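*Asks:* I'd like to go over a predicted model; first the sequence, then the structure.
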Amino acid sequence: SQTIHQWPATLVQPVGSPLSLECTVEGTSNPNLYWYRQAAGRGLQLLFYSVGIGQISSEVPQNLSASRPQDRQFILSSKKLLLSDSGFYLCAWSQGLAGYEQYFGPGTRLTVT
Amino acid sequence: DAKTTQPNSMESNEEEPVHLPCNHSTISGTDYIHWYRQLPSQGPEYVIHGLTSNVNNRMASLAIAEDRKSSTLILHRATLRDAAVYYCIPGDGNQFYFGTGTSLTVIP
């Protein structure tokens, strides 16, 4: 069966510090991968998605970036965090295009102080 | 992306049916209608999806209007574990755009 892992579960970082969040998927190959962010009291915002190694599409201009160095690994990064980067970061995967389910990881709660 | 309109919140008594509406009047012909739900401090969970016909699974039923401009998620017997935010998401590809959804409260 497929599983999706995210770490860390919680993170407190000062403004201006770097960020690296990792997501890995097991039990499937060539998944589509996604990063979402949910600010407090808000809906989920799609940040990045990837349909293959090295292929990243950005949905929202920001100081975040994403990379996919391996088929089942998706990394969210920032060189300098802003207060507005605080939120609940979720990684998800899907096996295909239209009509396919997205499976979400447990999330990382990031607080920028 | 098709814009959706959902009630901000709804309440239901435990063990009674719940009908969660969603308007998506700008939906395109190739858009599926997906429903997800999110429990507090967890990632969203797939509930059901459909294209034109009504759909049933172990979790819920999805009733899609004939003109596809609206749909209704039906929970046949609400339980306390169904208390969550429910998102209606039309889409035809990889990108899902979640709105603020409907917060369902189940009253014991």
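*Replies:* Nice, I can see it.
*Asks:* how close does A:Leu37 get to chain B?
*Replies:* For residue A:37 the amino acid is Arg, not Leu. If you measure A:Arg37 against chain B using Cβ to the nearest Cβ, to the nearest Å, the figure is 11 Å. (Glycine included, C-beta is placed from N, CA and C.)
*Asks:* how about the CA coordinates for the strand or helix carrying that residue, as PDB?
*Replies:* According to DSSP states H and E, A:Arg37 maps onto strand A:32-38. Extracted in PDB, the C-alpha atoms of strand A:32-38 (Å, rounded to 0.1, in the frame of the first residue of the first chain):
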ATOM      1  CA  ASN A  32       2.200  13.600  -9.200                       C
ATOM      2  CA  LEU A  33       3.300  15.600  -6.200                       C
ATOM      3  CA  TYR A  34       1.900  18.700  -4.600                       C
ATOM      4  CA  TRP A  35       2.700  21.300  -1.900                       C
ATOM      5  CA  TYR A  36      -0.200  23.100  -0.300                       C
ATOM      6  CA  ARG A  37      -0.200  25.700   2.500                       C
ATOM      7  CA  GLN A  38      -3.100  26.500   4.900                       C
END
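*Asks:* which parts of the helix or strand just after that strand are buried?
*Replies:* Heading C-terminal from strand A:32-38, the first helix or strand you meet, by DSSP H and E, is strand A:44-52. Burial within strand A:44-52, assessed by neighbour count using 16 or more other Cβ atoms under 10 Å in any protein chain shown, is assigned to A:Leu44, A:Gln45, A:Leu46, A:Leu47, A:Phe48, A:Tyr49, A:Ser50.
*Asks:* Now render those residues as JSON lines, adding distance to chain B.
*Replies:* Formatted as JSON lines, those follow (distance: Cβ to the nearest Cβ, whole Å):
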{"residue": "A:Leu44", "distance to chain B": "4"}
{"residue": "A:Gln45", "distance to chain B": "8"}
{"residue": "A:Leu46", "distance to chain B": "6"}
{"residue": "A:Leu47", "distance to chain B": "11"}
{"residue": "A:Phe48", "distance to chain B": "10"}
{"residue": "A:Tyr49", "distance to chain B": "6"}
{"residue": "A:Ser50", "distance to chain B": "9"}
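*Asks:* Most proximal residue of chain A with respect to chain B?
*Replies:* Using Cβ to the nearest Cβ, the single residue of chain A nearest to chain B is A:Phe104, 3.0 Å away.
*Asks:* Pretty sure that residue sits against B:Tyr87.
*Replies:* No: in this structure, A:Phe104 is not within contact of B:Tyr87 by Cβ atoms under 8 Å, at 11.7 Å.
*Asks:* More neighbours: which of those two?
*Replies:* Counted by other Cβ atoms under 10 Å in any protein chain shown, A:Phe104 and B:Tyr87 do not tie: B:Tyr87 has more neighbours, with 26 against 22.
*Asks:* Wait, a helix at that one?
*Replies:* No: counting by DSSP: H, G, I helix; E, B strand; the rest coil, B:Tyr87 is not found in a helix; it is strand.
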